[in-house]
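>>> I'd like to go over a predicted model; first the sequence, then the structure.
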There are 2 protein chains.
Amino acid sequence: MTAAETAIETIQREMTVFARRARASAGRMHPELSLVSYTLLGHLEESGGCRATDLAAHYVLDKSTVSRQVAALERTGLIERRQDPADHRVQVLRLTPAGQEILDRVTRSRRAVFRERLTDWPEEDLKRFAGYLERYNAAASGPAAG
Amino acid sequence: MTAAETAIETIQREMTVFARRARASAGRMHPELSLVSYTLLGHLEESGGCRATDLAAHYVLDKSTVSRQVAALERTGLIERRQDPADHRVQVLRLTPAGQEILDRVTRSRRAVFRERLTDWPEEDLKRFAGYLERYNAAASGPAAG
DNA sequence: CGAATCAAGTTGTACGGTGCAACCAGGGAG
DNA sequence: CTCCCTGGTTGCACCGTACAACTTGATTCG
């Protein structure tokens, strides 16, 4: 096995380890907001409001899944739906102040955890690692996505 | 925000993206072996056989969860249980030939996917990326694990 | 215009993975 | 022998997910 193949093997293994841990730990970290809910709220924040269908497309989820997630988020008052006057089928989803508040809180908390984990990394390594991850994810969302 | 903080922000975001995608894509990639089953089989291969409790400890899973996973893997003939003659409570789990075969197959398939994603990366970057991931995961499994 | 078609969301149903609590069975310490 | 510990199973509940059927509103085309 070449050095490159060994590295790929390691990347595969470590990514798998990370993936396996992520959900459970996210749940333990923030009982009030699952990883899914967190990412959905985050997308609403970035986009400044979008439709359920957009969320489904962006996260490659079934629309029924998104529908239920959205319903739950509305029930707990973190988002609100507004009928689009131009098209009565669509509901524009937006963060409520409460949703924004909890999203900020969880983001801060997550950031603190990551910051601690990466605390003694040289800046140069942090920048390279960030770049690698972006590059990897970009490749993974292209052909044969996943 | 300093450059280091920006990098940490990116790492956090990209890791989250990856985590969110991983399970679903793993399921789509190999319908015959979930990500969990895959990692459990992998651990049995590396360890050359161990107890359910060891798996639970290693992967931070409830023993009931492992018990069911193991039961399913035995049902499908991928692993076998053998009573430990020295302690009748413990069952030593081992890969069956069928289990080894399917583990090899899925490993090859996963490896191919990763290889393709990383195909045009310079070897130097691959090695660094692998190192960063190992380092990150090691930090994440230490204090405040997850 | 009206019928067929398409798009956005909801609901019923089913499944997999998970945790907690209660339990059972075997081992070890006093 | 009794008490407690440990390995494992089972009942129950929950979440996230997909698929399929359906509803409602928009669009297209004869």
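That came through, no problem.
>>> going by C-alpha atoms from here, please, whenever you check contacts or count neighbours.
Will do.
>>> residue A:116 looks like it's in a strand, true?
No: if the criterion is DSSP: H, G, I helix; E, B strand; the rest coil, then residue A:116 is helix and not within a strand.
>>> how many residues are close by it?
The local packing of residue A:116 (other C-alpha atoms under 10 Å in any protein chain shown) involves 13 other residues.
>>> who touches it in this structure?
Going by C-alpha atoms under 8 Å, 6 or more residues apart in numbering or on different chains, residue A:116 touches no other residue.
>>> list the contacts of residue A:42.
residue A:103.
>>> for it, give its distance to residue A:129.
As judged by C-alpha to C-alpha, to the nearest Å, residue A:42 and residue A:129 stand 22 Å apart.
>>> look up how far residue A:51 lies from residue A:57.
In terms of C-alpha to C-alpha, residue A:57 sits 10 Å off from residue A:51.
>>> of those two, who's got more company?
Counted by other C-alpha under 10 Å, residue A:57 and residue A:51 do not tie: residue A:51 has more neighbours, with 16 against 12.
>>> quick check, that one in contact with residue A:87.
No: between residue A:51 and residue A:87 no contact is recorded; they are 11.6 Å apart, counting by C-alpha atoms under 8 Å.
>>> quick check: phi and psi at residue A:33.
phi -150, psi 110 (degrees, to the nearest 10).
>>> pretty sure residue A:80 sits in a helix.
No: per three-state DSSP, residue A:80 lies outside any helix segment and is strand.
>>> what about it, how many neighbours?
What residue A:80 shows, counting by other C-alpha under 10 Å, is a neighbour count of 20.
>>> what of residue A:16?
Other residues near residue A:16 number 20, with proximity taken as other C-alpha under 10 Å.
>>> then the one 5 residues further on?
For residue A:21, the neighbour count with other C-alpha under 10 Å is 20.
>>> that one and residue B:29, how far apart?
For residue A:21, the distance to residue B:29 - C-alpha to C-alpha - is 19 Å.
>>> swap in residue A:132?
23 Å.
>>> again, but for residue A:111
In terms of C-alpha to C-alpha, residue A:111 sits 31 Å off from residue B:29.
>>> what does residue A:97 give?
39 Å.
>>> nearest spatial neighbour of residue A:115, chain-adjacent residues omitted?
Taking C-alpha to C-alpha, 6 or more residues apart in numbering or on different chains as the measure, residue A:115 lies nearest to residue B:8, with 6.6 Å between them; neighbours along the chain are not counted.
>>> can you give me the neighbour number for that neighbour?
Counted with other C-alpha under 10 Å, residue B:8 comes out at 24.
>>> do the strand ranked longest in chain A and DNA strand D come into contact?
Taking DSSP state E as the criterion, chain A has its longest strand at strand A:87-95. Yes: shown here: strand A:87-95 in contact with DNA strand D (C-alpha under 7 Å from any atom of the strand) through A:87-89.
>>> and DNA strand C, which of those residues contact it?
Among the residues of strand A:87-95 next to DNA strand D, DNA strand C is touched by residue A:89 when using C-alpha under 7 Å from any atom of the strand.
>>> nearest to chain B among the residues of strand A:87-95 next to DNA strand D?
If you rank the residues of strand A:87-95 next to DNA strand D by distance to chain B using C-alpha to the nearest C-alpha, residue A:89 comes first, at 28.3 Å.
>>> helices along chain A, start to end?
For chain A, the helices defined by DSSP state H occupy A:3-29, A:35-47, A:52-59, A:63-75, A:97-117, A:123-140.
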